[in-house]
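Chemist: Here you go, sequence then predicted model.
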Amino acid sequence: MEIRNLKNISVEELLSVFNESFSDYIVPFHLTSEQLKSKISAEKIDLDLSVGAFQSEKLVGFILRAEKKENHQRIIYNAGTGVIREYRGQGLVRKMYDHILHSLNTEDTNILALEVIVGNDPAIRAYENLGFKTVRKLLCFNGIINIEEKQSDILLVEIENFEWDLFQSFWEIEPSWQSSKEVLEGIRKDCMILGAYMEGRLVGYTIYNPVIRKVYQIAVDKKYRRQGIGSQLFNRIGKDCKGQAVSFNNVDDSSASTALFLESTAGLKNWLSQFEMKKNIEY
């Protein structure tokens with residue numbers, strides 16, 4: 001068995017192993033070639049940095065890897081781990097992580113991060129044995145937005161650019177990797193940024209993709225909450241998504257008000273939950 005990076009692997013070969021690995025997953029899913037390419041692009045996956053397990057030159061397992069610098073730390077994100085069925089139980093995930101750890105730049109403080117579905121106990125135990133710790137629980141929502149439109153003084157306006165300093169001042173929870181600033185900057189052309197204004201002041205915003213009907217972020221100025229701003233923003237998302245089901249993934253469950261709004265007001269359902277796990281590596 002050889003462990004090496006995926007820089008010479010075609011998307012088609014990776015796709016075959018990806019789909020085979022996840023065919024019996026706790027939540028089975030199947031990607032097309034275009035969907036995998038979109039995932040690689042959107043999540044900033046670098047195949048040169050990603051790792052695979054090869055048996056006689058055949059790819060049998062992988063860890064897809066992305067990374068960013070934040071607060072003088074190098075954060076390495078596991079965007080997907082898979083091993084095809086007949087090669088499980090051979091410690092390949094540990095061997096691939098050993099390869100990743102060996103390759104890290106020892107001048108940086110590194111953080112390894114990933115998400116794992118709540119209830120996938122074998123994977124959770126495996127990551128805990130590798131030194132990962134659960135740092136928070138993330139809720140995934142989907143469904144058809146069902147909000148009654150009301151007369152309001154709130155003005156909704158498309159925003160041209162990300163206004164991160166102002167946006168972040170509204171946050172009470174930190175977005176996960178897939179909805180982070182670094183990822184969204186890379187897919188700006190696919191995003192709709194919608195601002196909510198009252199008396200000329202930006203008091204809330206949302207970022208979403210109306211084509212794939214996915215919400216990435218929504219936040220409201222703390223001083224303007226409970227005034228229907230979130231409802232107005234979600235009502236507009238529902239219209240832009242033509243009444244079809246919308247997804248909003250990895251919402252930090254520490255914000256009970258956000259979960260309550262999404263379920264009770266917006267009409268979405270928490271259909272899946274994940275643990276965000278991290279491993280700190282200091283040299």
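Modeler: Yep, it's here.

Chemist: Poorly predicted segments of this structure, please.
Modeler: Along the chain, the parts satisfying pLDDT under 70 run over 105-109, 282-283.

Chemist: For the stretch 51-200 of the chain, just list every one of the helices.
Modeler: Assigned by DSSP state H, counting those that start in this stretch, the helices in the stretch 51-200 of the chain fall at 92-103, 121-129, 164-169, 181-186.

Chemist: could you dump those helices to CSV with mean neighbour count and distance to residue 83?
Modeler: Just so you know, the C-beta spots here come from the backbone N, C-alpha and C atoms, and that holds for glycine as well. Listed next are the helices of the stretch 51-200 of the chain as CSV, based on neighbours: other Cβ atoms under 10 Å; distance: least, Cβ to Cβ, whole Å:
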stretch, mean neighbour count, distance to residue 83
helix 92-103, 17, 5
helix 121-129, 14, 11
helix 164-169, 12, 38
helix 181-186, 16, 26
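
Chemist: For residue 67, find the nearest of the ones you listed.
Modeler: Nearest to residue 67 among these is helix 181-186; the distance by Cβ to Cβ comes to 9.6 Å.

Chemist: Quick check: the gap between the spatially most central residue of the chain and residue 43.
Modeler: Closest to where the C-alpha atoms of the chain average out (Cα atoms, centre = their mean) is residue 178, at 2.8 Å. Residue 178 sits 6 Å away from residue 43, going by Cβ to Cβ, to the nearest Å.

Chemist: can you check residue 94 too?
Modeler: For residue 94, the distance to residue 43 (Cβ to Cβ) stands at 23 Å.

Chemist: if I read this right, residue 144 contacts residue 244, doesn't it?
Modeler: Yes. With contacts counted by Cβ atoms under 8 Å, residue 144 reaches residue 244, the gap being 7.0 Å.

Chemist: Of these two, which one has the most company?
Modeler: Using other Cβ atoms under 10 Å as the criterion, residue 144 and residue 244 rank with residue 144 on top: 15 against 10.

Chemist: Which residue is the nearest non-sequential neighbour of that one?
Modeler: Excluding the flanking residues, the one nearest residue 144 by Cβ to Cβ, 6 or more residues apart in numbering is residue 245, at 5.4 Å.

Chemist: right, and that neighbour touches residue 212 too?
Modeler: No. Judged on Cβ under 8 Å, residue 245 makes no contact with residue 212 at a distance of 11.0 Å.

Chemist: which residues in the stretch 51-200 of the chain form strands?
Modeler: Using DSSP state E, counting those that start in this stretch, the strands of the stretch 51-200 of the chain run over 51-55, 58-70, 73-83, 109-117, 133-143, 155-158, 192-198.

Chemist: Just list what the second one packs against, helices and strands only.
Modeler: Packed against strand 58-70 by the contact rule (3 or more Cβ pairs under 8 Å, 6 or more residues apart in numbering; DSSP states H and E) you find helix 11-22, strand 51-55, strand 73-83, helix 92-103.

Chemist: same thing but 6 Å
Modeler: strand 51-55, strand 73-83 (3 or more Cβ pairs under 6 Å, 6 or more residues apart in numbering; DSSP states H and E).

Chemist: Only the buried residues of the shortest one, if you could.
Modeler: Neighbour counts over strand 51-55 (16 or more other Cβ atoms under 10 Å) mark 51-54 as buried.

Chemist: same deal with the longest one?
Modeler: By neighbour count, with 16+ other Cβ under 10 Å as the criterion, the buried positions of strand 73-83 are 74-83.

Chemist: do the same with stretch 232-252
Modeler: For stretch 232-252, by 16+ other Cβ under 10 Å, it's 232-238, 240-241, 246-252.

Chemist: mind saving the C-alpha coords of that stretch as CSV?
Modeler: C-alpha atoms of stretch 232-252 as CSV (Å, rounded to 0.1, in the frame of the first residue of the first chain):
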residue,chain,number,x,y,z
GLN,A,232,-38.1,39.4,4.9
LEU,A,233,-34.7,38.1,3.8
PHE,A,234,-35.9,34.5,3.8
ASN,A,235,-39.1,35.4,2.1
ARG,A,236,-37.0,36.9,-0.8
ILE,A,237,-34.8,33.8,-0.9
GLY,A,238,-37.9,31.6,-1.2
LYS,A,239,-39.1,33.7,-4.2
ASP,A,240,-35.7,33.7,-5.9
CYS,A,241,-35.6,29.9,-5.4
LYS,A,242,-39.0,29.7,-7.1
GLY,A,243,-40.6,27.9,-4.1
GLN,A,244,-38.3,24.9,-4.3
ALA,A,245,-36.6,23.3,-1.3
VAL,A,246,-33.7,25.3,0.1
SER,A,247,-30.7,24.1,2.2
PHE,A,248,-28.9,25.9,5.0
ASN,A,249,-26.1,23.7,6.4
ASN,A,250,-23.8,23.7,9.4
VAL,A,251,-25.6,26.2,11.6
ASP,A,252,-23.9,26.4,15.0
